[in-house]
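Student: would you be able to build a 3D model of this:
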Amino acid sequence: MKKSALFVALFIAHICFAQTEAQTTIVIPKVPVAELPIEPTKTTRVDSDEKYSDNNFGVSLFSLGGLDRSQITNGNGDTPSMYFFENYLSFSYKIKKDFRLEARYSFNYSTAGTDKSGKDATDKADTRDASLLMGFSRVFEDYLPENVSYSFKPRLYLPTSEKSKAQGMITSLRLENVFKIYTNKYSFFRFGIAPHYFFQRSTAYVDDRGNVKTTDMFQLKTAGEYNWSLSKRFSIKPGFEFDDSWSNSSSANNGKEYRNTLIDYRLGLEVKFGRPLSFTVGYSHRKDLLKTDEFTDGFTLMTNATLY
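Tutor: Numbers count the residues shown, from 1 in each chain. As a prediction, this is how the structure comes out:
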């Protein structure tokens, strides 16, 4: 009887031990992280236009220039002069992740050769108006759809160019507004509107050729573009820009208000080498909407470089 009881006790202990061992060796399959559902958020987007560095202090270079098509097709065999009409060296400081202060030194530059008027040009650089900016990104982030972003840059210009000095400009204020609508992680539509107000000492001035002209009063630029990302390195960028400008009228010399309205159709190929450097080679067709028989077309080169 004692042997039977001992046998039963050993048998029960063996079963309990086996169950305990089986429980400790059960392997729960893990779901791969890549298969877990991801909630779409604004942080999953990649803003390919963000040229600032990750540092609080940043230095960047922007350059935009081009050649008129006539400089290539004139058949004279002359070396064309390339004119870089919008360039600046930027120094920025990040106050918060969505707010930066920025100062820009702007200049023009032309290479030696024959310009679009058929005249000889030399290597020459001219100072443009320097400017101070406040950059606000992710504005109204909590109220906009997940795939929409809005940024705002008030920009104050200083009269450092020869043209602004000749006009007697006190200052000018440009309010840059940009909306982006993302179609995927890297591609997006961009819409921009930038009213530009000029504050002048007078309504007329004499230019460097002795001609009396009225001073700038207001400018409005409206633009649209689609950044179609083929890969992380290449993007196709079709777009357009309206450029409307008005001058003051002058009672002193009976100068009338002057208006100029242009539209620029563009197509570009952007090549990105990471965030530090990108180039966009493009074609531009610029037409006067008031003088419909006047237009220019040519090829452009835009460079964005993060230096620090």
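Student: just the CA atoms of stretch 84-94, as PDB, please.
Tutor: In PDB, the C-alpha atoms belonging to stretch 84-94 read as follows (Å, rounded to 0.1, in the frame of the first residue of the first chain):
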ATOM      1  CA  PHE A  84      23.000  84.900 -62.100                       C
ATOM      2  CA  PHE A  85      20.200  87.300 -61.200                       C
ATOM      3  CA  GLU A  86      19.200  86.100 -57.800                       C
ATOM      4  CA  ASN A  87      21.800  85.000 -55.300                       C
ATOM      5  CA  TYR A  88      22.200  85.200 -51.600                       C
ATOM      6  CA  LEU A  89      24.300  84.000 -48.700                       C
ATOM      7  CA  SER A  90      22.100  83.300 -45.700                       C
ATOM      8  CA  PHE A  91      22.900  83.200 -42.000                       C
ATOM      9  CA  SER A  92      20.100  81.800 -39.900                       C
ATOM     10  CA  TYR A  93      19.600  81.000 -36.200                       C
ATOM     11  CA  LYS A  94      16.900  78.700 -34.900                       C
END
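Student: what residues sit buried inside it?
Tutor: Buried residues in stretch 84-94, counting neighbours by 16 or more other Cβ atoms under 10 Å, are found at 84, 87, 88, 90, 92, 94. C-betas here are computed from N, CA, C, even on glycine.
Student: ok, stretch 171-184 next?
Tutor: For stretch 171-184, using 16+ other Cβ under 10 Å, the buried residues are 172, 174, 176, 178, 179, 180, 182.
Student: put the alpha carbons of it into PDB.
Tutor: Output for stretch 171-184, consisting of C-alpha atoms alone and laid out as PDB, is shown next (Å, rounded to 0.1, in the frame of the first residue of the first chain):
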ATOM      1  CA  THR A 171      12.800 100.100 -47.000                       C
ATOM      2  CA  SER A 172      10.400  97.400 -48.500                       C
ATOM      3  CA  LEU A 173       8.400  94.600 -46.900                       C
ATOM      4  CA  ARG A 174       7.600  91.300 -48.500                       C
ATOM      5  CA  LEU A 175       5.200  88.800 -47.000                       C
ATOM      6  CA  GLU A 176       6.000  85.300 -48.300                       C
ATOM      7  CA  ASN A 177       3.200  82.700 -47.800                       C
ATOM      8  CA  VAL A 178       3.700  79.100 -49.000                       C
ATOM      9  CA  PHE A 179       1.200  76.200 -48.900                       C
ATOM     10  CA  LYS A 180       2.300  72.600 -49.600                       C
ATOM     11  CA  ILE A 181      -0.100  69.700 -50.300                       C
ATOM     12  CA  TYR A 182       1.700  66.400 -50.100                       C
ATOM     13  CA  THR A 183       0.600  63.600 -52.400                       C
ATOM     14  CA  ASN A 184       3.100  61.200 -50.900                       C
END
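Student: do you know how far the residue nearest to residue 213 when sequence neighbours are not counted is from residue 165?
Tutor: Of all residues beyond its chain neighbours, the one nearest residue 213 is residue 207 (5.7 Å), with distances taken as Cβ to Cβ, 6 or more residues apart in numbering. Using Cβ to Cβ, to the nearest Å, one obtains 11 Å as the distance from residue 207 to residue 165.
Student: same question, residue 268
Tutor: From residue 268 over to residue 165 (counting by Cβ to Cβ), the distance is 34 Å.
Student: and residue 233, by the same measure?
Tutor: Separation of residue 233 from residue 165 (Cβ to Cβ) stands at 43 Å.
Student: what bits of the stretch 201-308 of the chain have low per-residue confidence?
Tutor: 252-253, 292 (pLDDT under 70).
Student: what strand or helix carries residue 164?
Tutor: When elements are assigned from DSSP states H and E, residue 164 belongs to helix 162-167.
Student: any chance you could list what contacts that helix?
Tutor: The contact list for helix 162-167 (Cβ atoms under 8 Å, 6 or more residues apart in numbering) reads 126-127, 129, 157, 159, 200, 202, 205-208, 215-216.
Student: and the strands in the stretch 51-200 of the chain?
Tutor: With DSSP state E, counting those that start in this stretch as the definition, the stretch 51-200 of the chain shows strands at residue ranges 57-68, 83-96, 99-110, 113-114, 120-121, 124-127, 131-136, 148-157, 169-182, 188-200.
Student: between these, which gets nearest to residue 276?
Tutor: Counting by Cβ to Cβ, residue 276 lies closest to strand 57-68 out of the strands of the stretch 51-200 of the chain; the figure is 9.3 Å.
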